[in-house]
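Engineer: any chance you can model this:
(2 chains)
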Amino acid sequence: MAYVATRGGERAIEQSQRLFREEMGTITAERVAEIRRALPYLIDRVMGEASLYDEDLAALALAQTGGELYEAVLLLRSWRTTQPRLAVAAPVTQEGLFTHRRISAAFKDIPGGQVLGPTLDYAHRILATEVLSDQAYTPDPVEPAAQPSPARQPSVAAWQAENDLLSAAPADPTAGNDIPDITREPLLFPSKRAHTLQSLARAETGGVLALGYAAQRGYGQAHPTVNELRLAEGEVMVQHPRGTTFSAGRVKISQAEVVNKKGTQLELGFAATLGWNEVKVIAAATLDLNSEGAAKGSATEEEFFLYHTEGVESSGFCIHFKLPHYVTFQSSLDAMRDAKTKKNARQAEPAE
Amino acid sequence: MPDPHTLANYPHDVMLSILAKADAVRIKAFAEVLIPQLGDIAVLENRTGLVMLPMRDTAKGVNFHLGEVLVSEARIAVDGRDGYGMRRGRDLEAAMAMALIDLAVASGVSHDACAAFLDQEGATQTAADTDRLKRVEATRVDMETF
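Structural biologist: You can find the predicted model right below:
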């Protein structure tokens, strides 16, 4: 692979950026606020893939890039590098999540019951075209129950462990800066589980879905059933200089467990991400479930899926092919011409 | 220096958690009133930064990093006594307001007003959570299989 330095594009580059931004026009605080208000699930997806939780910054990145998601995520990942890390919060646990949606496809009567929360799973997919004829679409209001749902729900996996359906996971004492962190150390294989789950948490949704779907269709070893899916909020527990632990606020978290029968017990795959993005976590948990013993180069092998679902690296590699490759390509053309000349010369030689 | 004061009805962690989620406009307005009563305030830190948020995996029990959360932080002092604020988001003034209230409480200043502010904000937050959870409860499935 060889690149070539070129000149003469300065004005073209400047104007091309202006042409791109011209379409979006003036970006105002009001526009950013409207994007944040109107597109919470897109904001969540961008925050998860950027691995940076702040709705305003995510909305700004979307406004600035016209919704070009790879550019938006790259902007946020870049901006993140300008900020100091002030602390590592206490680990969020499933039982501590403020739960908005919690379902299981594996067990009907899970402790705490099933709450659908906000979802379009059972909706008719009908485009409200009347809005385009100036008729506003206002959704029917929720009819609240008399009593609130419990904010915190027990873990389905813990209940299964109590019933000897799976082995209870021992609590990991690792905390703070001792938790492996792929933003500060390289991803090596076989991957540490903390690296695998962190990579999946910040992976590109489409990439995770494509590979997870491949596993679900049969290119994996285990067929997943959703053991527990949660859309929730987690508390960001930090420490006051005097040592008091308190919540600096809540963030949205999605979490999925998928389950498969293995011998006399169940085995779990797990994934979670910042923001509400349930397709991503179900697909990612499927990859986690299938990764053990996966064949080298298969969609469910951890090196394969972790490298290929890292959105900033993969989109960056893809678009780098637009950079001037004139030396490489000219060399290929020269080789082609040379081969053609030799071939023609051989054909022109009289037969003996 | 004597131990920092606390509010009778609000342990330090509860107070801080309410302040971190308090309405930004109201907390700034309330903290503004405290400033003249606190003396010469030294601002030690007022910045944005990131807090890494780990989570525990339920399959193998491993702690891993979900991602980073943008926060605003403020640390102030009067006569060697600290006030501290950290809130999600990039509102430096709101973090400073939290630090001012923390300092006021630690210094024994305006405890009644601070407690009243916490009563109001705590009630608002609880009401918002309850309202949301009643909406969530409306989606509970009373499932029968055939």
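
Engineer: run the chain-centre distance for stretch A:6-15.
Structural biologist: In terms of CA atoms, centre = their mean, to the nearest Å, the centre of stretch A:6-15 is set 35 Å apart from its chain centre.

Engineer: residues in contact with that stretch?
Structural biologist: Residues outside stretch A:6-15 that contact it (CB atoms under 8 Å, 6 or more residues apart in numbering or on different chains) are A:Pro324, A:Tyr326. Yep, even glycine has a C-beta here, placed from its N, CA and C like the rest.

Engineer: pLDDT on it, on average?
Structural biologist: Stretch A:6-15 shows a mean pLDDT of 88.

Engineer: which positions in it come out as buried?
Structural biologist: Residues of stretch A:6-15 include none that count as buried (16 or more other CB atoms under 10 Å in any protein chain shown).

Engineer: secondary structure class of A:Gln147, three-state.
Structural biologist: Three-state assignment for A:Gln147 (DSSP: H, G, I helix; E, B strand; the rest coil): coil.

Engineer: what sits against it?
Structural biologist: B:Lys134, B:Glu137.

Engineer: now swap in B:Thr48 and tell me
Structural biologist: A:Gln83, B:Leu70, B:Val71, B:Ser72, B:Glu73, B:Arg90, B:Leu92.

Engineer: please tabulate those residues in JSON lines, including the columns neighbour count.
Structural biologist: Below are the contacts of B:Thr48 laid out as JSON lines (neighbours: other CB atoms under 10 Å in any protein chain shown):
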{"residue": "A:Gln83", "neighbour count": "16"}
{"residue": "B:Leu70", "neighbour count": "24"}
{"residue": "B:Val71", "neighbour count": "29"}
{"residue": "B:Ser72", "neighbour count": "23"}
{"residue": "B:Glu73", "neighbour count": "24"}
{"residue": "B:Arg90", "neighbour count": "15"}
{"residue": "B:Leu92", "neighbour count": "16"}
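
Engineer: element containing the spatially most central residue of chain B?
Structural biologist: Geometric centre of chain B, nearest residue: B:Ala20, 1.9 Å, by CA atoms, centre = their mean. Using DSSP states H and E, B:Ala20 falls within helix B:12-21.

Engineer: distance from the chain centre to that helix, please.
Structural biologist: Centroid separation for helix B:12-21 versus its chain: 4 Å, with CA atoms, centre = their mean.

Engineer: so B:Arg140 sits against A:Gly112, correct?
Structural biologist: No. The criterion here is CB atoms under 8 Å, and B:Arg140 misses it with A:Gly112 at 9.9 Å.

Engineer: neighbour count winner among those two?
Structural biologist: Under the criterion of other CB atoms under 10 Å in any protein chain shown, the comparison of B:Arg140 against A:Gly112 puts A:Gly112 first, with 18 against 15.

Engineer: quick check: that one vs chain B, distance?
Structural biologist: Separation of A:Gly112 from chain B (CB to the nearest CB, to the nearest Å) stands at 10 Å.

Engineer: tell me where the chain has strands.
Structural biologist: Going with chain A. Ranges of strands within chain A are A:52-53, A:85-88, A:98-103, A:225-239, A:245-262, A:265-274, based on DSSP state E.

Engineer: should've been chain B
Structural biologist: For chain B, applying DSSP E gives strands covering B:42-56, B:63-78, B:81-88.

Engineer: can you tell if the last one touches chain A?
Structural biologist: What that stands for is strand B:81-88. Yes. Part of strand B:81-88 sits near chain A under the criterion CB under 8 Å from any CB of the partner chain, namely B:Asp82, B:Tyr84, B:Met86, B:Arg87, B:Arg88.

Engineer: with only the CA atoms kept, save stretch A:84-91 in PDB.
Structural biologist: What follows is stretch A:84-91, C-alpha atoms only, in PDB (Å, rounded to 0.1, in the frame of the first residue of the first chain):
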ATOM      1  CA  PRO A  84      -9.800  14.900  32.200                       C
ATOM      2  CA  ARG A  85     -11.100  11.800  33.900                       C
ATOM      3  CA  LEU A  86     -12.200  12.900  37.300                       C
ATOM      4  CA  ALA A  87     -13.200   9.600  38.800                       C
ATOM      5  CA  VAL A  88     -14.300   6.100  38.300                       C
ATOM      6  CA  ALA A  89     -17.800   5.600  39.600                       C
ATOM      7  CA  ALA A  90     -18.900   2.600  41.700                       C
ATOM      8  CA  PRO A  91     -20.100  -0.300  39.500                       C
END
